[in-house]
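A.B. asks: quick one: sequence plus predicted model below, questions after.
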Amino acid sequence: MSEEKQQKFTAKVRRGLTWVHGVAAAELARKKAETTGVRIEGFTASELADVEAALTWIEQNKDSGQKDPA
């Protein structure tokens, strides 16, 4: 893959991560707001921890290297 194609692909991935982060974070916040107890329906404790860790990772990495030639 040429350098230009690699940069375009990387830019698309970053935009995708930004979208995924926004949608997933909003959905998780909505589920947490609807919950009356400590548990969120549909998630085990470890699954919830995995989702929150993934959202943290995306937040930290979605904007790194902001060269967007597209």
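C.D. replies: In hand now; what should we look at? Only a predicted model underlies this, so the values are computations on that prediction, with no experimental measurement involved.
A.B. asks: what sits closest to the most centrally placed residue in the chain if chain neighbours are left out?
C.D. replies: Compute the mean C-alpha point of the chain, and by CA atoms, centre = their mean the closest residue is residue 21, 2.9 Å away. Of all residues not flanking residue 21 in the chain, residue 58 sits nearest, at 4.4 Å (CB to CB, 6 or more residues apart in numbering). No exception for glycine: its C-beta is placed from N, CA and C like everyone else's.
A.B. asks: residues contacting that neighbour?
C.D. replies: 17, 20, 21, 24 (CB atoms under 8 Å, 6 or more residues apart in numbering).
A.B. asks: can you tell me the element it falls in?
C.D. replies: helix 45-61 (DSSP states H and E).
A.B. asks: give the buried residues for that helix.
C.D. replies: 48, 51, 58 (16 or more other CB atoms under 10 Å).
A.B. asks: quick one: the closest residue in space to residue 45 that isn't next to it in sequence and residue 48, what's the gap?
C.D. replies: Nearest residue to residue 45, sequence neighbours excluded (CB to CB, 6+ apart): residue 39, at 7.9 Å. Distance, residue 39 to residue 48, by CB to CB, to the nearest Å: 9 Å.
A.B. asks: got the buried residues for the longest helix seen in the chain?
C.D. replies: Using DSSP state H to define each element, the chain has its longest helix at helix 3-34. Of the residues in helix 3-34, 7, 10, 11, 14, 17, 21, 28 count as buried by neighbour count, 16+ other CB under 10 Å.
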